[in-house]
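Colleague: Fold the following.
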Amino acid sequence: MVTMTTTANSSDGASASPDARGTSVIVNAIAVLRCFSAEEPLLGVTEIALRVGMHKSTVSRILTTLEQEDLVERDSSSRRYKLGLGLIAVAGPLLAELEERRVAYPLLHRLTELTTETSALMVWNGRESMCVEQIASPQQVKHTTPLGARYHEAMSASVQVFLAVEPEERVRALILDGTISYAGVDEASLEAYLLRLKDAAARGYATNYGESSLDEVGVAAPVRDHRGNLVAAVLIPAPRFRVSPERLQTLGEACTQTAQQITDRLGG
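Modeller: Model (predicted):
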């Protein structure tokens, strides 16, 4: 979940230019849409208003407009809002043109068959890791990464992969301003984290052994394009109870191999 505080002040709106007011409306609508997540697919007006810092009446008007465009819809039982199927029409062309996703799909299938764990393809938007493809584990107990899921915890394996290629100054800024969440961070732990990113880059994959969620582990490896740029990460999330430190290494190696195969197909 991403919380944004983009309150539109009525007195400012009265004096703002039409272009400025229009931009503000768009920003506020985007803030409302970003409140929804796989963990919280249903939200009420009051909940959204508290998260985005807008008055309930403003949020209600935005939701009404979004509902008219099928971007959100009312849940029939709870009367709360959820994302609408209209978003698929908006996101569909992007996903269809995302070459990394197309290339990765059969290889993720093979990875899940090999490990019997969920595999996913993650991309980076500059502040969080986002899932654009997933093959769920066939096992009854599993961890999944639904399409559109976003991660911004410092210890998340995919976040580590993406931050490992960022300049240290930017990593510091993202953590210290709270964009990347790191509970109780201080100068010593931040320095240790920067070293951790270097170790992950040298090893070829990053690990998260119950550090962002006690019952989950994760490994992630980088995918590069023909220019050598980091364009995605392969992620394996799994229940911690069946992943020993030795198996974590095995999963990391399998994840790295699949990421390299995707890289090869992209001309990397």
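Colleague: Compute the distance between T263 and A233, please.
Modeller: 11 Å (CB to CB, to the nearest Å). C-beta: built from backbone N, CA, C; applies to glycine.
Colleague: Give the residues shared as contacts by these two.
Modeller: By the contact definition CB atoms under 8 Å, 6 or more residues apart in numbering, T263 and A233 are jointly contacted by 222-223.
Colleague: Which one's more surrounded, these two?
Modeller: Just comparing T263 and A233: by other CB atoms under 10 Å the higher neighbour count belongs to A233, 28 against 23.
Colleague: For that one, which residues count as its bridge partners?
Modeller: Beta-bridge partners for A233, by DSSP bridges, are M122, P222.
Colleague: hang on, isn't it packed against G218?
Modeller: No. Counting by CB atoms under 8 Å, A233 sits too far from G218 to count as a contact (10.5 Å).
Colleague: residues shared between the contacts of these two?
Modeller: With contacts defined as CB under 8 Å, 6+ apart, the residues shared by A233 and G218 are S158.
Colleague: So for the protein, the centremost residue is which one?
Modeller: Centre of the chain computed as the mean C-alpha position; nearest residue by CA atoms, centre = their mean is R150, 2.0 Å away.
Colleague: Is that one bridged to anything, and to what?
Modeller: What pairs with R150, by the bridge criterion (DSSP bridges), is M130.
Colleague: these two touch, right, it and V132?
Modeller: No. Using CB under 8 Å as the test, R150 is too far from V132 to be in contact (11.1 Å).
Colleague: so how far is R34 from the nearest residue to E133 once chain neighbours are set aside?
Modeller: Distances taken as CB to CB, 6 or more residues apart in numbering place L121 nearest to E133, at 4.1 Å, with adjacent residues excluded. According to CB to CB, L121 stands 21 Å off from R34.
Colleague: between those two, who's got more neighbours?
Modeller: A count of neighbours by other CB under 10 Å puts L121 above the other of L121 and R34, at 29 against 15.
Colleague: The more buried one reaches I236, doesn't it?
Modeller: No. Between L121 and I236 there is no contact under CB under 8 Å: 11.2 Å.
Colleague: What are the buried residues along stretch 65-85?
Modeller: Buried residues in stretch 65-85, counted by 16 or more other CB atoms under 10 Å: 66, 71-72, 81, 83-84.
Colleague: what's the answer for stretch 100-120, then?
Modeller: Neighbour-count burial for stretch 100-120 [16+ other CB under 10 Å]: 100-101, 103-104, 107-108, 111-112, 115, 117-120.
Colleague: Need the contact partners of that stretch.
Modeller: With CB under 8 Å, 6+ apart as the criterion, stretch 100-120 contacts 95, 121, 123, 131-139, 142-145, 223, 225, 231-232, 234-238, 251, 254-255, 258, 261-262, 265-266.
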